[in-house]
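Engineer: Structure of the sequence below:
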Amino acid sequence: MKRPYSYPAAVKLTFGRGRRLIRFTLGAAVAASVLLPVQPAQAAAGLEPFTAKFNLTRIDGDKTTLIDSAEAAGVARASSVSEVLGERTGIPELCHGTGLNGAYRYDGFCWDSADDFTGYNDANGGWMPQGFAGAHAATDNGLYEGRSLYAASWYYGKYANNSANEEYTRVTIAESTGDRVGYGHIALVEPVNGNFKNLTYLSHADGVAWLEDRLFVANGVELQVYDLTKMWRMSDTASSGTGLVGGKSSARQHRWALPLVARYSTYGEAEADTPSTAFVGGNPRACGPTNGVLCMSTLSIDRSGASPVLVSTENRSGAGARIVRWPLSELGTGTPKQVSAYTTGYTSPVWGIQGTATDGTSYYMAGSCPAGWPGWDADAKDDQGRPNPHNKLYACIHKAKPGEAPHVISQAPWLTQGLSWDRRVNRLWGLNEALDSGGVGRRVVFSIDTKAGQADSGGYMWLANHNRPGFVCATPQGDGTANGTPITVWPCSGSEGQRWKYDNGLIVHKASGKCITPQGNASGTDGTLLTLWTCNPASDVQKFFSHANGTANAWGKAITPKGNSLASGVWLTLWTQGSPTPDVQEWVVKTL
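Structural biologist: Next up, the predicted model:
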């Protein structure tokens, strides 16, 4: 087994010691409702098509008239969604370590301190972020009310007996302008005749998707539908109750509330507007591989085609999660009694998926990192002391076209989920739900430019190694281009000075046009420094061969950092392939 990378002290300080992990199972056919430890990703198989024979069946009617009756009784309609943006102030940058690959030009923001640190392990319970969506996928121009807005779904729970014990849910509407982050929380409620209450079914708010005025929130088998134009403003923000009492409206101390318009079920036996048939045992979280009922664990919108599509994906501890596509021609504006999925779905070999989005060609899946990647703990155990090896520091973002095996493009913040694709600027968004560790917060909202990691028109890519968080790239010292310039380890940044390509065995540097060359042509000597030098196609000493675990020459010497260190600035050298630590020799010219 590969040995995990030894972290610098700064990284250990940033992430500290992980909080309690919970072993993920789907026992009794009930979907997990707690933080999921990520498991070793087995991505040998591909993203394979299957026939998706699923329906969304409306459970208990259209609730628009109930919303109207609550307003007639005195519940006030809010003026616009944008009015929530002044409630809280976030941090307009990534305030915690993420593990993201710098070649993807990452960016993002953070919640305020209260939302960074709240969690279900608080003494009285707390909030856990789950899904993420953006106006970039909601409308044709990517704006809502003239703003670039984002949405996140959260549940409130209190951990006990290996369960999250969900109580309430909310959505957050946020705006990040680059120098300021403003946002507000909106309680999710259910209208009844002349009043409103907490949601009938406890919800995990697994995922959220946004199309025009509609928000879709996933809860296992259940899909909840909301209309942002029907948001309410509460008159009593001190009360912990929910409803209209004595002429005052309250929603668990929230300033705003969003009433449910309709709910749907993926259960095959559900009958339209018949609640008693909606779920197995009346439980919307009774789904997964044990009983075969489709879970909707994460949601996103695909706007690459002529009509928007809702994409749902299951979370499974292992491989086999089903990705299903749903038409929004009716559900996007109305409340039809039933909607049938598109015939073609996909099964994914990625373990522990908690977020999926597509650019119309490839699918991006946030899930487990492969065994042995940075953060891997082979000796970890679950709450009951049973072996439960997993990654304690990072998730991974996998990419695949249908029919292809996924590959990791980047590590990502631990427990990343809720991916969303911005087609306007080719950026992938997501958030994570990680609990704070040792008094250090870990929650971020991030985006990456997925196109930045591709080969350019000349075929130049990156000579990279993934065994340090964020990937490291072969980089001429000081960005030099002269003959004799040493090649060093440096964090991938996406700069032109880090681009290389194979050319008939030569590894050619884009910025200089020179080739990687052993100093003094000592191709068979351990410890020989690798440098830039004028390319000579007739010279064997400049020729290297790519293989599954790295890049080596005809003398069996592999590209290896001096002292087996992946620290920034370390020189790259030659050393006998496979000795002594293969991980540090995994240097390959590739797209990222």
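Engineer: show me where the protein has helices.
Structural biologist: 9-15, 64-72, 113-117, 135-138 (DSSP state H).
Engineer: now those in JSON lines, with distance to Tyr159?
Structural biologist: For glycine as for every other residue, the C-beta is placed from the backbone atoms N, C-alpha and C. What follows is the helices of the chain, written out as JSON lines (distance: least, C-beta to C-beta, whole Å):
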{"stretch": "helix 9-15", "distance to Tyr159": "21"}
{"stretch": "helix 64-72", "distance to Tyr159": "33"}
{"stretch": "helix 113-117", "distance to Tyr159": "15"}
{"stretch": "helix 135-138", "distance to Tyr159": "32"}
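Engineer: So which of the ones you listed is nearest Thr290?
Structural biologist: Among the helices of the chain, the nearest to Thr290 by C-beta to C-beta is helix 135-138 (32.3 Å).
Engineer: Which strands and helices lie in contact with that closest one?
Structural biologist: Where contact means 3 or more C-beta pairs under 8 Å, 6 or more residues apart in numbering; DSSP states H and E, helix 135-138 is packed against strand 207-211, strand 298-302, strand 416-422.
Engineer: Just the endpoints, please. Distance across stretch 534-547?
Structural biologist: End-to-end distance of stretch 534-547 (C-alpha to C-alpha, to the nearest Å): 25 Å.
Engineer: actually stretch 426-436, sorry about that
Structural biologist: End residues of stretch 426-436 are separated by 30 Å (C-alpha to C-alpha).
Engineer: looking at the helices of the chain, which is buried most?
Structural biologist: Greatest average neighbour count among the helices of the chain goes to helix 135-138 (a mean of 24), per mean count of other C-beta atoms under 10 Å.
Engineer: pLDDT of that helix, averaged?
Structural biologist: The average of the pLDDT scores along helix 135-138 is 97.
Engineer: what do you get for stretch 390-397?
Structural biologist: Across stretch 390-397, the average pLDDT comes to 91.
Engineer: now the end-to-end length of it.
Structural biologist: For stretch 390-397, the end-to-end distance is 16 Å (C-alpha to C-alpha).
Engineer: List the buried residues of it.
Structural biologist: For stretch 390-397, the neighbour count (16 or more other C-beta atoms under 10 Å) marks His390, Asn391, Lys392, Leu393, Tyr394, Ala395, Cys396, Ile397 as buried.
Engineer: how about these in a markdown table, adding distance to Ser568?
Structural biologist: Shown next, in a markdown table, are those (distance: C-beta to C-beta, whole Å):
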| residue | distance to Ser568 |
| --- | --- |
| His390 | 28 |
| Asn391 | 23 |
| Lys392 | 23 |
| Leu393 | 19 |
| Tyr394 | 19 |
| Ala395 | 24 |
| Cys396 | 22 |
| Ile397 | 23 |
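Engineer: for those residues, which one is nearest Lys248?
Structural biologist: Looking across the buried residues of stretch 390-397 and measuring by C-beta to C-beta, the closest to Lys248 is Ala395, at 43.0 Å.
Engineer: Quick one: residues contacting that closest one.
Structural biologist: Ala395 makes contact with 38, 354, 366-369, 411-416, 432, according to C-beta atoms under 8 Å, 6 or more residues apart in numbering.
Engineer: and the gap between it and Ser410?
Structural biologist: 10 Å (C-beta to C-beta, to the nearest Å).
Engineer: Could you dump the helices and strands packed on helix 135-138 into TSV and include distance to Arg443?
Structural biologist: Output for these, formatted as TSV (distance: least, C-beta to C-beta, whole Å):
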stretch	distance to Arg443
strand 207-211	16
strand 298-302	17
strand 416-422	11
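Engineer: which one is Leu66 nearest to, not counting chain neighbours?
Structural biologist: Pro191 (3.9 Å; C-beta to C-beta, 6 or more residues apart in numbering).
Engineer: Near the one you found, how many other residues are there?
Structural biologist: Residues lying near Pro191 (other C-beta atoms under 10 Å) number 24.
Engineer: Enumerate every residue touching it.
Structural biologist: Lys63, Leu66, Ile67, Ser69, Ala70, Pro259, Leu260.
Engineer: Show me what it is bridged to.
Structural biologist: Pro191 has these beta-bridge partners by DSSP bridges: Phe196.
Engineer: State the distance from it to Asp68.
Structural biologist: Distance, Pro191 to Asp68, using C-beta to C-beta: 9 Å.
Engineer: In a markdown table: the helices and strands packed on helix 135-138, plus distance to Phe471 and mean neighbour count.
Structural biologist: Formatted as a markdown table, the helices and strands packed on helix 135-138 follow (distance: least, C-beta to C-beta, whole Å; neighbours: other C-beta atoms under 10 Å):
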| stretch | distance to Phe471 | mean neighbour count |
| --- | --- | --- |
| strand 207-211 | 28 | 28 |
| strand 298-302 | 25 | 27 |
| strand 416-422 | 16 | 28 |
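Engineer: any chance of these in JSON lines, plus mean pLDDT and distance to Asn483?
Structural biologist: Shown next, in JSON lines, are the helices and strands packed on helix 135-138 (pLDDT from 0 to 100; distance: least, C-beta to C-beta, whole Å):
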{"stretch": "strand 207-211", "mean pLDDT": "98", "distance to Asn483": "54"}
{"stretch": "strand 298-302", "mean pLDDT": "98", "distance to Asn483": "49"}
{"stretch": "strand 416-422", "mean pLDDT": "96", "distance to Asn483": "43"}
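Engineer: where does the stretch 351-500 of the chain dip in pLDDT?
Structural biologist: Within the stretch 351-500 of the chain, the segments meeting pLDDT under 70 span 383.
Engineer: What ranges does it have for its strands?
Structural biologist: Along the stretch 351-500 of the chain, the segments classed as strands by DSSP state E, counting those that start in this stretch run 355-358, 363-367, 376-377, 390-391, 394-400, 407-413, 416-422, 427-432, 445-449, 461-465, 472-476, 487-491, 499-503.
Engineer: what are the pairing partners of the last one, and which direction each?
Structural biologist: When you say that, I think you mean strand 499-503. By DSSP bridges, strand 499-503 pairs with strand 461-465 (antiparallel), strand 506-509 (antiparallel).
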